[in-house]
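*Asks:* structure here, sequence nowhere to be found:
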């Protein structure tokens, strides 16, 4: 008696399992998966473009916190998206494993015996003829049926033939579904053990593959951050070419970053590289991609005491197709107070009017120009808080003003120097270019690819092949043919098949 | 005239021809309404429609090839070119299917020419002169990936037409004698979708990721175009399952086929023009 609730619970579990692994549930889950994938294409995603998410938050201060709570900025790692695809996976495995076992058992099975009454089959035909040699007729049928699995039984002068074709349909079907599981396993392994980071490297600068050299870095939960493969790059030249004429003037045509690289920590033999879009550099299992480029004006800053306190290239981030770029220069070593500059860089500046600020007319550096505002005070770099290199923390800084009280503005072309109110100067020395490199490794990337290719092959088999059972009974006076399609197709097709066999005989 | 101007003129001429073919096919339907046996005048209209469509196909093919020479690359590097080349493929599929299935497919003339006219007309709205491509597209995967996507799309069109006709025929079996039986329509839809689905799988889930790995450093990144390609794939996978599921056969499956096609269209039009992302090659 005490077993009763236990049993019903087990029955309930079994019922649940059967529901979950039913085709109907799988179908609902598939459609649900399509539905829950939509928000990620409409809303900005943190994993794709973190800055777009930030901008969205600023534009929609009311809505954004709710979307955040629902995980809509991380759609594809959100609880509900994961729930749907995990359920789908369980349903898939729960469906495919029993079917694989059934298939394996049925692999060597013989075709089912001929039914007593052929006319009950979807397609059948009878022809009364005098048959001299039933065995010869059956041999012709055998040839006509091709690669089907065939059994022949003879009893009292009556020969019965049973044939079954199209086993590969279920085989292909199983391969396809197992391949889908393989793809997901491959993707999961790749993201758990992989990493991806990006770094801005200016012409003439080096990059070595350690965590501190990255501007942003993301790795899978099982990736060992101390195990980054050791290598170093020296970026010699960044080349960007743009369309000079015609309606597509200014459109990018070619980007490349050239230089040398060496593997290992010691000074091993250096090798040349030329990274272009679509042509990454491969270093073992790691790949280096060129995902962006821009300009890094070189500044030389002298403080009020006349000491050179800054002399370096500063990457400015492009914000549009003409490479109108923005950036900051941080000079914490200036005395008596730290100096900060914030402004824009234009590769090809043209002025649109006296009062207007110049704009960029073309993405290549034909007429470089920088415009900067100046700030003095504590840059906050010693506070120990991490700071973006592209932002100025102006909390404890004061904007420098010119004599008329308006914000002091520095406008420079290459080679020009501007003296700062209160002493010191800034020189725009020259323009260099920077490459934004992505360095990533996704182990086992061949698995999802291989599984997917195998899956398509299986898919084609499962869609192309249609299993069919055929029976023929031949006696001295009558020939009977019947056929059954295990996957419905047009009735006419089946009738044709039966007629064709009769003709053959 | 430059080769660019020729290419453009061919496309405009093909659009006009397809529109004329569409009118002829509409006349064919108007003349054969309610008549079991096709009337002579309907047959003449159908003949005109098919001949003009053939001419439109030739002119458009010439236009697309000329455009390819003008740009010095495969003529499917932006939205305008994709639209034109996809219509060439759709019309090619139309003629091939007619040779194979004859009466079971030639009733699609009105729909095919109508869709073709609209796609070509809409493509002209996003016209860009031929020119070299942005660096990300400098790859032979452009040839493979985009061609496969267009081919699958051209076949999906016929699946959608047949499924829409199936819904009509299943609801009113007696009307529209010009249409094949509901059973046959279901079969036609399945056959073309079964052809298109593996190609779509290849385009979206094999060729796409391989190229994305080279160009962007990751094989899958949930870019809006990728998301919608995935959604299309999932919906068509659902369609194939629905055809084998009790309670989903027939009507529900046909609706899924139409939904799948709608997601494909949205990916081409909506994502290109309104959503953006890495696949922004519309202009």
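*Replies:* Sure thing, it's come through. Just so we're clear, the structure is a prediction, and the values are computed from it rather than from any experiment. Residues are numbered from 1 along each chain as shown, chains lettered A, B, ... in the order given.
*Asks:* show me what contacts residue A:314?
*Replies:* Counting by Cβ atoms under 8 Å, 6 or more residues apart in numbering or on different chains, residue A:314 touches A:296-299, A:327-329. (C-beta placed from N, C-alpha, C; glycine too.)
*Asks:* and which of the residues you listed is nearest to chain B?
*Replies:* Nearest to chain B out of those is residue A:296 (Cβ to the nearest Cβ; 20.1 Å).
*Asks:* give me the contact list for the helix or strand containing residue A:137.
*Replies:* Per DSSP states H and E, residue A:137 falls inside helix A:134-145. Here helix A:134-145 makes contact (Cβ under 8 Å, 6+ apart) with A:131, A:150, A:152, A:157-159, A:161, A:163, A:165, A:470, A:472, A:474-476, A:479, A:500-501, A:504-505.
*Asks:* try 6 Å this time
*Replies:* A:150, A:159, A:161, A:163, A:472, A:474, A:501, A:504-505 (Cβ atoms under 6 Å, 6 or more residues apart in numbering or on different chains).
*Asks:* got it, and stretch A:317-335?
*Replies:* Stretch A:317-335 is touched from outside by A:294-295, A:299, A:301, A:303, A:305, A:309-310, A:314, A:316, A:338-342, A:344-347, A:360, A:363, A:379, A:381, A:390, A:392, with contacts defined as Cβ under 6 Å, 6+ apart.
*Asks:* please apply the same query to stretch A:261-277.
*Replies:* Residues from elsewhere that reach stretch A:261-277 (Cβ under 6 Å, 6+ apart): A:230-233, A:255-258, A:260, A:281, A:290, B:135-136.
*Asks:* reformat the residues you listed as a markdown table; add distance to residue A:114, secondary structure and pLDDT.
*Replies:* Shown next, in a markdown table, are the contacts of stretch A:261-277 (distance: Cβ to Cβ, whole Å; DSSP: H, G, I helix; E, B strand; the rest coil; pLDDT from 0 to 100):
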| residue | distance to residue A:114 | secondary structure | pLDDT |
| --- | --- | --- | --- |
| A:230 | 72 | coil | 89 |
| A:231 | 70 | strand | 91 |
| A:232 | 76 | strand | 91 |
| A:233 | 74 | strand | 92 |
| A:255 | 70 | strand | 91 |
| A:256 | 72 | strand | 93 |
| A:257 | 73 | strand | 94 |
| A:258 | 75 | strand | 95 |
| A:260 | 77 | strand | 92 |
| A:281 | 67 | strand | 94 |
| A:290 | 68 | strand | 92 |
| B:135 | 66 | helix | 84 |
| B:136 | 62 | helix | 83 |
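*Asks:* name only those of those that count as buried.
*Replies:* Burial by neighbour count, judged by 16 or more other Cβ atoms under 10 Å in any protein chain shown, picks out A:231-233, A:255-258, A:281, A:290, B:135-136 from these.
*Asks:* which residues of the stretch 301-450 of chain A fall in helices?
*Replies:* Secondary structure of the stretch 301-450 of chain A (DSSP state H, counting those that start in this stretch): helices at A:446-464.
*Asks:* show me which residues of it sit near chain B.
*Replies:* Contact residues (Cβ under 6 Å from any Cβ of the partner chain) of the stretch 301-450 of chain A with chain B: A:438, A:440.
*Asks:* the residue of the stretch 301-450 of chain A found nearest chain B and residue A:197: what is the separation?
*Replies:* Chain B sits closest to residue A:438 of the stretch 301-450 of chain A, with a gap of 4.6 Å, by Cβ to the nearest Cβ. Applying Cβ to Cβ, to the nearest Å, the value for residue A:438 to residue A:197 is 7 Å.
*Asks:* ok, residue B:205 next?
*Replies:* 26 Å.
*Asks:* so the two - more neighbours on which side?
*Replies:* Higher neighbour count among residue B:205 and residue A:197: residue B:205, with 23 against 19, using other Cβ atoms under 10 Å in any protein chain shown.
*Asks:* skipping its backbone neighbours, what lies nearest that one in space?
*Replies:* residue A:452 (5.6 Å; Cβ to Cβ, 6 or more residues apart in numbering or on different chains).
*Asks:* do I have it right that that neighbour meets residue B:204?
*Replies:* No. Between residue A:452 and residue B:204 there is no contact under Cβ atoms under 6 Å: 10.2 Å.
*Asks:* average pLDDT for stretch A:175-189?
*Replies:* Summarised as a single mean, pLDDT over stretch A:175-189 is 91.
*Asks:* name the nearest residue to residue B:148, ignoring sequence neighbours.
*Replies:* Counting by Cβ to Cβ, 6+ apart, residue B:148 lies nearest to residue B:203, which is 3.5 Å off, once chain neighbours are set aside.
*Asks:* my read: the one you found touches residue B:149, true?
*Replies:* Yes. With contacts counted by Cβ under 6 Å, residue B:203 reaches residue B:149, the gap being 4.2 Å.
*Asks:* neighbours around the residue of the stretch 401-505 of chain A found nearest chain B, how many?
*Replies:* Proximity of the stretch 401-505 of chain A to chain B (Cβ to the nearest Cβ) peaks at residue A:463, 4.2 Å away. Other residues lying near residue A:463 total 20 when counted by other Cβ under 10 Å.
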